[in-house]
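S.K.: coords please:
(one chain, ligands or ions: 1)
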Amino acid sequence: MQFTKMQGAGNDFIIINNMILKLPVEKIPAIAKKLCQRKVSLGADGFMVVDYPDGDADFKMRFYNQDGSIGEMCGNGARCISRYAYINNIAGRKMKFETGAGIVESEVLEGRQVKVLLNKPEIVKIENDLEIDGVKYECSYIELGNPGLPHAVVKFEGLSHADYKEIFETGKKIRYYEKFPKGANVNFFEILDEHTALVKTYERGVEDLTLACGTGSASAAVALILKGYLKGDKVKIIVSGGELFVEVERTGNVVHKLYLIGDTNIVATGEILDEDLVL
Ligand SMILES: N[C@H](CCC[C@H](N)C(=O)O)C(=O)O
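M.R.: Residues are numbered from 1 along each chain as shown. From the prediction side, this is the model:
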């Protein structure tokens, strides 16, 4: 099975072209779960499949998390798959593709940069503070697209110095918070200056911290701009695997357009030979 491995800001993905492979869609979750396992297989945070679109888009992006669960969308994945589609002549530099959260548009910029117009924030609860086990958290809740990809944006004092275990344990608790209808990716933030925030994400479906989350960084940018923590409409989000830029077009508290911009890296291309994989 031909594959490409890519990463964007350290969020890594296996990409396959199902226009050629023609794997039955119902078999993909198990394949994704198998191949995304670190150490025993290729390993990745997510598995992406390019497929024929239903409508007039260039292609359909199917996204699966490391545990085989379906994700509505993935921002860093969308950046990577855009460059993959461009390089493999599936789309031009500017493209439009279907995702579980709705249509996404993107543009492959110079070099390895890709700019993605993410699904609009459909649910925005800026003041959505939580209390779990007697501890209060300053939190916003945002869903991008419809059906929406769920994100909590949570203040974490001293995030840059906090140890992995503390962030992980807190992230896990909030990820399963009973009032989040479908769980949430948990994006912890610390403000570095008025145009820059540090964000670390506990990802649903990976059930661990990843080095970056694109839609999480964009959701954090929306929450932090609307809260007045960040100024201007283009902000920088520092993540563990690099940096991302988010542009927000809005009228007051209503966001019309949300862009994610950042680097991509093609790590490998070749054939998957995993002998334990049962197709
Ligand atoms: N890493 C992705 C998000 C994957 C979505 C997944 N973790 C889920 O909640 O289904 C991003 O860059 O936006």
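S.K.: tell me the contacts of the residue in the stretch 51-200 of the chain that the ligand sits nearest to?
M.R.: When scored by C-beta to the nearest ligand atom, the stretch 51-200 of the chain has Gly71 as its residue closest to the ligand, at 2.9 Å. In short, each C-beta sits where N, CA and C put it, glycine included. Neighbouring residues of Gly71 by C-beta atoms under 8 Å, 6 or more residues apart in numbering: Gly46, Phe63, Tyr64, Asn65, Gly100, Leu149, Arg204, Gly205.
S.K.: With Ser160 instead?
M.R.: Glu190, Leu198.
S.K.: Could you count how many residues lie near Gln7?
M.R.: 21 (other C-beta atoms under 10 Å).
S.K.: Over to Tyr259?
M.R.: There are 20 residues near Tyr259, going by other C-beta under 10 Å.
S.K.: Name the secondary structure element that contains it.
M.R.: Taking DSSP states H and E as the criterion, Tyr259 maps to strand 254-263.
S.K.: Which elements pack onto that strand?
M.R.: helix 75-87, strand 113-117, strand 121-125, helix 214-226, strand 242-251 (3 or more C-beta pairs under 8 Å, 6 or more residues apart in numbering; DSSP states H and E).
S.K.: same thing but 7 Å
M.R.: helix 75-87, strand 113-117, helix 214-226, strand 242-251 (3 or more C-beta pairs under 7 Å, 6 or more residues apart in numbering; DSSP states H and E).
S.K.: would you turn the ones you listed into TSV with distance to Glu169, mean neighbour count and mean pLDDT?
M.R.: Formatted as TSV, those follow (distance: least, C-beta to C-beta, whole Å; neighbours: other C-beta atoms under 10 Å; pLDDT from 0 to 100):
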stretch	distance to Glu169	mean neighbour count	mean pLDDT
helix 75-87	24	26	98
strand 113-117	32	21	98
helix 214-226	18	29	98
strand 242-251	25	18	98
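S.K.: got those as TSV, with distance to the ligand columns?
M.R.: Putting the helices and strands packed on strand 254-263 into TSV (distance: least, C-beta to the nearest ligand atom, whole Å) gives the following:
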stretch	distance to the ligand
helix 75-87	3
strand 113-117	10
helix 214-226	3
strand 242-251	9
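S.K.: Buried residues of the helix or strand just after the strand holding Tyr259, list them for me.
M.R.: Counting by DSSP H and E, the next helix or strand C-terminal to strand 254-263 is strand 265-271. By neighbour count with 16 or more other C-beta atoms under 10 Å, strand 265-271 contains the buried residues Asn265.
S.K.: strand partners of strand 265-271, parallel vs antiparallel please.
M.R.: strand 2-8 (antiparallel) (DSSP bridges).
S.K.: What segments of this structure are helices?
M.R.: For the chain, applying DSSP state H gives helices covering 18-21, 28-35, 75-87, 164-175, 214-226.
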